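sequence and predicted structure are below.
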2 protein chains.
Amino acid sequence: MAFASDEVGNYPKVGVGLAGFGSVGAGVYKHLQRNRRLLAERLGIELTVRRIVVRDASKKREPQPPRELFVSHWRELIADPEVQIVVELIGGVEEAFALVTDALRAGKIVVTANKALLAEHGQEIFKLAESKGVPVLFEAAVAGGIPIIKAVQEGFIGNRIESAHGIINGTCNYILTRMANERGLTYQAALAEASALGYAEADPTLDVSGWDAAHKAIILASLAYGFWVPPGDVYVHGIQGITAEDFVHAKRLGYNIKLLAILKAHADGAVEVRVHPTMIPHDHLLAEVDGVFNGILLWGDVVGETLFYGRGAGQDATSSAVLSDLAQAATDLIRDNEPNRFRPHGLYGRCLPIEQIRSEYYLRLSVKDQPGVLAGVAGILANRQIGISSVLQPPPMYPSNIPNPTASPEDLPALPAADSTGTHQHVDLILMLHFATHRQITEALEEISRLPYVSSDPKPALIHVEHLPE
Amino acid sequence: MAFASDEVGNYPKVGVGLAGFGSVGAGVYKHLQRNRRLLAERLGIELTVRRIVVRDASKKREPQPPRELFVSHWRELIADPEVQIVVELIGGVEEAFALVTDALRAGKIVVTANKALLAEHGQEIFKLAESKGVPVLFEAAVAGGIPIIKAVQEGFIGNRIESAHGIINGTCNYILTRMANERGLTYQAALAEASALGYAEADPTLDVSGWDAAHKAIILASLAYGFWVPPGDVYVHGIQGITAEDFVHAKRLGYNIKLLAILKAHADGAVEVRVHPTMIPHDHLLAEVDGVFNGILLWGDVVGETLFYGRGAGQDATSSAVLSDLAQAATDLIRDNEPNRFRPHGLYGRCLPIEQIRSEYYLRLSVKDQPGVLAGVAGILANRQIGISSVLQPPPMYPSNIPNPTASPEDLPALPAADSTGTHQHVDLILMLHFATHRQITEALEEISRLPYVSSDPKPALIHVEHLPE
């Protein structure tokens, strides 16, 4: 949109330094220019970029900031008295930690989008920030443009966060959405597509392993539960083992598969923080958060069910969150307000050990198609007090005959009875299991894997099932 | 959940006065008690209810506050030096205005959930608040537990709000959801059901007329566009004219019908604010916001598409928003922070006249089933440059043969060709129309209504169609 005038009136100015001018840094610069009058009039303050750290000042850029803004090292940016807010956008952990802590020691406000940094060093960083009396803002670190940090810290401050179920990694959600929508598409093919479209990094490990989502879950959980959740207490499982067949089975059973970050509070003050592929009812709103979008279903004891949806990554959505933090920081600075800070509280304080986390499960086994298989598997589960809610034994599937997972259930071919005697060497056997602890199911799975008629190629696959709070 | 200790440590206290102890007042009191330790530890401040205005102090209540908190008039509450924050929950406009302005003049912070009050007197109230240097907070006034005020004012402060499409009246959404899901259910029957369940007031006019949603739209628009939108500039149309047949036709055409509050910004600085029944694509997330839930699809020029979902009314969800405002108010008070305030800005400043608003439309006519009808109607539309995108002439429908609107389109009976010659006296004729201004379509409809073969019983019905931004 074009406006008659982009003249900005006479407002107090706050100087911003951008440490990093990649995609997000360029986005912040671009949108600060584009909406400068709007921001200034809304805030009563003008945000001005004073310094930008770049490696190569001669490189052509779009947008192209004036050359005189460029400095070659973030120490110059921190040393500049005109820079009051430092925006950390260099990524990684070690150097970012040095940058953020140096900036805080110099009394600069810090805005960061770095979830790995906060998940690993949040406690030290916030302690330092508090001792220096300057804030650290990080709306962009979780779920990009969705103001979920503000919602948890401020909007739901009167609530106990009973649970949160978040689709908070766009790369994984793109891959899983494509596998859900295209018959027979393998994980590898979907990942290749995501890479070609720029939705996956050259090395996608951090995303597909679940650890990027785990970093964000740690930040959300720490805010919701008032203590810094140690990364080692978080159960993290990636999406690499999900097959095209799993989506067909899920569809038939009424589920979709999403990588979820799950937080739950227990009555005794323990909390669960975990990230793993999860089957959720296909007709739930969260199951319809598709592609690179993020969605967070958050349940508060006062507010009940809420859902937040939007772009979780990318230049523009992330910039929107950084602009919000810049506005908050500038306001507190000019008005001399005491900023918000992380306040530990004593209602929670420990994570439930992974072994004790209870869940329902989908279990996929590749078994010899012979009598007695189901009896053997069911016997092991029964001995460990794990109930079976349903059993599917679909015909063997290859890419050419995988039913289209977007077809309605009644259009899928009829299934042979479970435990039938067929002519195929190996067939999938799907069991839906009632609640069991991680320890119970892990031990049962080890024992099942040793059965002579259970194949180790492909290995048994276990997917958590969540019916979502209502 | 039960906790080992509900002891609250030694924190500075802020006194709260509740003006009104109906459903929301009792909810605020209940949840302040229930989560008092959590709130105190998160805030570093203890919120304490000091005074409650009730008409009859002897009435039994659940929860039952100590008798000594009761006063019989809000002037006593304002006069009490221990009350620093006044929560206006008496509803209505005139007395609430007196209460809020008196409280501000006495230097008390005001928290209110009263959308009618703010829509009609927002400008005066915020001007007074600014002159007294005390804030007015109103998160509960729009979309109940969804922190949408905070999102618009803070989360998306760096964005131009290009559009918002909100389902922000739970009563209407309950009625429309029931009509969408149950074959042949009339508006009157659905309203009676909503009343029986407590989802509609004894006099439901404010809700079903669209005006409750319009009050909320005015508040959101005023925040988004930086000027107080005059209620007279808002186009408001209620849901009373929607028929069971409209849902069948909508389903066949791929739409669901929702009462939407719509905000749009134009490049020249004009904005649209309107509330009316709207057909939206049935597979859009917003079309799946059902029952008493609220959903707001908000499009920012930086962040892109976002959606917020949650309970828009009721004791608990509204209390959650009031607690958030109380926390903010108490924090600003204790830290001596300069509070947020309404800041007009000069990028927008006027509403597009209703006559100039452009939309697509669904037009339902009841016509004599004779040759030439379609030619006559189409001729009038063509003369006014209104394009037709599709025509449906379904068989006449009575409650006994209305197809189930939840059936998939291919299960619906085949339609006779439009303009066919049948034996029925009157049949529905449905036209889907391309973009036209309100003036164009209103004038065309007047002319069409005068055609001899167009019935006035039922009257022609016009429903806006929105394809939603992508």
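Sure, I can see it. Every value quoted in this text rests on a predicted model; they were computed, and no experiment measured them.

hey, where'd the helices end up in the stretch 251-400 of chain A?
Applying DSSP state H, counting those that start in this stretch to the stretch 251-400 of chain A gives helices spanning A:315-335, A:373-383.

just send these back as TSV, with mean neighbour count too.
Bear in mind the C-beta positions are built from the backbone N, C-alpha and C, glycine included. Output for those, formatted as TSV (neighbours: other C-beta atoms under 10 Å in any protein chain shown):
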stretch	mean neighbour count
helix A:315-335	24
helix A:373-383	16
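
with mean pLDDT and distance to A:A221 as extra columns, can I get those helices in a markdown table?
Putting those into a markdown table (pLDDT from 0 to 100; distance: least, C-beta to C-beta, whole Å) gives the following:
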| stretch | mean pLDDT | distance to A:A221 |
| --- | --- | --- |
| helix A:315-335 | 96 | 19 |
| helix A:373-383 | 96 | 31 |
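
of all those, which lies closest to B:P339?
Comparing the helices of the stretch 251-400 of chain A against B:P339 with C-beta to C-beta, the closest turns out to be helix A:315-335 (9.0 Å).

hmm, that closest one in reach of chain B?
Yes - looking at helix A:315-335 against chain B by C-beta under 8 Å from any C-beta of the partner chain, the contacts come from A:316-317, A:319-321, A:323-324, A:326-328, A:331-332, A:335.

if I pick A:T331, what's in contact with it?
For A:T331, the residues meeting the contact criterion (C-beta atoms under 8 Å, 6 or more residues apart in numbering or on different chains) are A:43, A:45, A:337, B:340.

for the last one, what are phi and psi?
Phi and psi for B:N340, reported as degrees, to the nearest 10, are phi -60, psi 150.

I figured it hits B:V134, correct?
No - B:N340 is not in contact with B:V134 according to C-beta atoms under 8 Å; the separation is 11.7 Å.

those two: which is more packed in?
Relative neighbour count places B:V134 above the other of B:N340 and B:V134, with 23 against 16, counting by other C-beta atoms under 10 Å in any protein chain shown.

could you find the closest non-adjacent residue to that one?
When the adjacent residues along the chain are set aside, B:V134 lies closest to B:I109, with 5.3 Å between them (C-beta to C-beta, 6 or more residues apart in numbering or on different chains).

give me the neighbour count for that neighbour.
Using other C-beta under 10 Å as the criterion, the residues surrounding B:I109 number 26.

repeat for A:E68
With neighbours defined by other C-beta under 10 Å, the count for A:E68 comes to 9.

any idea how far A:A79 is from it?
With distances taken as C-beta to C-beta, to the nearest Å, A:E68 is found 16 Å from A:A79.

again with A:S58
Spatial separation of A:S58 from A:A79 under the definition C-beta to C-beta is 23 Å.

which one of the two is surrounded by more residues?
More crowded of A:S58 and A:A79, by other C-beta under 10 Å: A:A79, with 13 against 7.

and the gap between the residue nearest to B:V134 and chain A?
Remark: distance between B:I109 and chain A (C-beta to the nearest C-beta, to the nearest Å) = 15 Å.

and the residue of the stretch 201-350 of chain A closest to chain B?
Distance from chain B to each residue of the stretch 201-350 of chain A (C-beta to the nearest C-beta) is smallest for A:L323, at 2.8 Å.

excluding residues flanking it in the chain, which one is nearest that residue?
Per C-beta to C-beta, 6+ apart, closest to A:L323 is B:G158, 2.8 Å.

hang on, isn't that neighbour packed against A:R37?
No - with contacts defined as C-beta under 8 Å, B:G158 does not count as touching A:R37, sitting 12.0 Å away.

returning to what we had before: and the residue nearest to B:V134, what pLDDT?
Confidence at B:I109, expressed as pLDDT, is 97.

who's in contact with the residue nearest to A:H276 when sequence neighbours are not counted?
Computed as C-beta to C-beta, 6+ apart, the closest residue to A:H276 that is not its neighbour in sequence is A:H237, at 3.9 Å. For A:H237, the contacting residues are A:210, A:275-277, taking C-beta under 8 Å, 6+ apart as the criterion.

ok, now with 7 Å
Listed by C-beta atoms under 7 Å, 6 or more residues apart in numbering or on different chains, the contact set of A:H237 reads A:210, A:276-277.

count of neighbours near A:L89?
The number of residues packed near A:L89 is 26, by other C-beta under 10 Å.

ok, it to chain B distance?
Here the criterion is C-beta to the nearest C-beta. By it, A:L89 lies 16 Å from chain B.

by neighbour count, which of the contacts of A:H237 wins?
Among the contacts of A:H237, A:G210 has the most neighbours (other C-beta under 10 Å), with 26 neighbours.

from A:E46, how far out is that residue?
Note on A:G210: its distance to A:E46, by C-beta to C-beta, is 42 Å.

tell me, how many residues neighbour the closest residue to A:F156 other than its chain neighbours?
Distance criterion C-beta to C-beta, 6+ apart; nearest residue to A:F156, sequence neighbours excluded, is A:G300 at 4.9 Å. Residues lying near A:G300 (other C-beta under 10 Å) number 27.

so A:G300 bridges to which residues?
As for beta bridges, A:G300 partners with A:I161, A:G304 under DSSP bridges.

show me what contacts it?
With contacts defined as C-beta under 7 Å, 6+ apart, A:G300 is in contact with A:156, A:159-162, B:320.

ok, and the most crowded of these?
Of all those, B:S320 has the most neighbours under the rule other C-beta under 10 Å, reaching 31 neighbours.
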